[in-house]
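**Q** sharing a model that was predicted from the sequence below.
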Amino acid sequence: MICLVLVGATACGEVEVEDQTVRIEEEMTGENENGEAENQSDTVEVLPETIPENYLRDLEPADGFDFPVGPPDAKNYYKARGFLPKGLEHLGEDWNGTGGRNTDFGDYVYAAADGVVFYADEFNKGWGQVVRILHNFGTQENPRYVETLHAHLASAWVKPSNVVRRGEIIGTMGNSDGIYHAHLHFEMRRRPGRGVKSGYEGDTLGFLDPTAFIRAHRPNSKN
């Protein structure tokens, strides 16, 4: 069972949260709402694919996760579209500023947690600039990897091999050359390093509900 958190915004721009519970097939995510393995086969850590080994060498455990916009709690932003894995409808979250339309174009996008950048480039016209970061939410001795993917960026302020800290600016929000209104498309993947479009091509193992994961792994939490 995974909790899908729908976030709206009040008139003053504060975030209000309404929880709804949605049943998702285990093979879709391989995770429960806390990012824990759903079955025994998922308890074995899989090394990230296509990520250089030296990037992992100094990857320290993250001390927790914040939201990638308006950190730590997405102040003045709202989730315009949530995590909707059924039928591959939407495998991440779309975050917009409360001003609407393109008022958030150029707003800062932040690292959700400490990690290392392993991809930062223009992917294609639809995805725009994409930044992908690897995080360890386990320990140094027993790492547990998760990827954050940030798409539709107007600019990337980091490059592969850069070590980033939670709350550090990694780029600015864009609109993929006017294809969309400006927003951040944000994904979290428990199987890092697969192709940018892999989920929409049917390889859905490891995709997470970002809000549920972040809320279960806040700084100083015991999860």
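**A** Nice, thanks for sending it over.
**Q** my guess is residue 121 is in a strand, correct?
**A** Yes - checked against DSSP: H, G, I helix; E, B strand; the rest coil, residue 121 lies within a strand.
**Q** so the residue nearest to it when sequence neighbours are not counted: helix, strand or coil?
**A** Nearest-residue entry for residue 121: residue 130, 6.6 Å, with adjacent residues in sequence omitted and distances by CB to CB, 6 or more residues apart in numbering. Every C-beta, even on glycine, is put in place using the N, C-alpha and C of the backbone. Going by three-state DSSP, the secondary structure assigned to residue 130 is strand.
**Q** correct me, but residue 130 touches residue 120?
**A** Yes - in this structure, residue 130 is within contact of residue 120 by CB atoms under 8 Å, at 7.4 Å.
**Q** hey, what's in contact with both of the two?
**A** With contacts taken as CB atoms under 8 Å, 6 or more residues apart in numbering, the residues that reach both residue 130 and residue 120 are residue 156.
**Q** returning to that earlier point: residue 100 versus the residue nearest to residue 121, what's the distance?
**A** For residue 130, the distance to residue 100 (CB to CB, to the nearest Å) stands at 24 Å.
**Q** what about those two, which has more around it?
**A** For residue 130 versus residue 100, neighbours defined as other CB atoms under 10 Å are more numerous around residue 130 (20 against 13).
**Q** what strands line up against the strand ranked longest in the chain, and which way round?
**A** Ranked by residue count, the top strand of the chain under DSSP state E comes out as strand 145-156. Sheet pairing of strand 145-156 (DSSP bridges) gives strand 128-136 (antiparallel), strand 169-173 (antiparallel), strand 184-189 (antiparallel).
**Q** can you give me the neighbour number for the nearest residue to residue 182 once chain neighbours are set aside?
**A** Leaving aside its sequence neighbours, residue 182 sits nearest to residue 105 (CB to CB, 6+ apart; 3.9 Å). Residue 105 has 15 neighbouring residues, counting by other CB under 10 Å.
**Q** centre of the chain to the longest helix along the chain, how far?
**A** The residue-count maximum for a helix in the chain (DSSP state H) belongs to helix 210-216. Taking CA atoms, centre = their mean, to the nearest Å, the mean C-alpha location of helix 210-216 is offset from the chain mean by 9 Å.
**Q** isn't residue 84 up against residue 94?
**A** No - counting by CB under 8 Å, residue 94 is not a contact partner of residue 84; they are 10.5 Å apart.
**Q** how close does residue 207 sit to residue 219?
**A** Distance, residue 207 to residue 219, using CB to CB: 24 Å.
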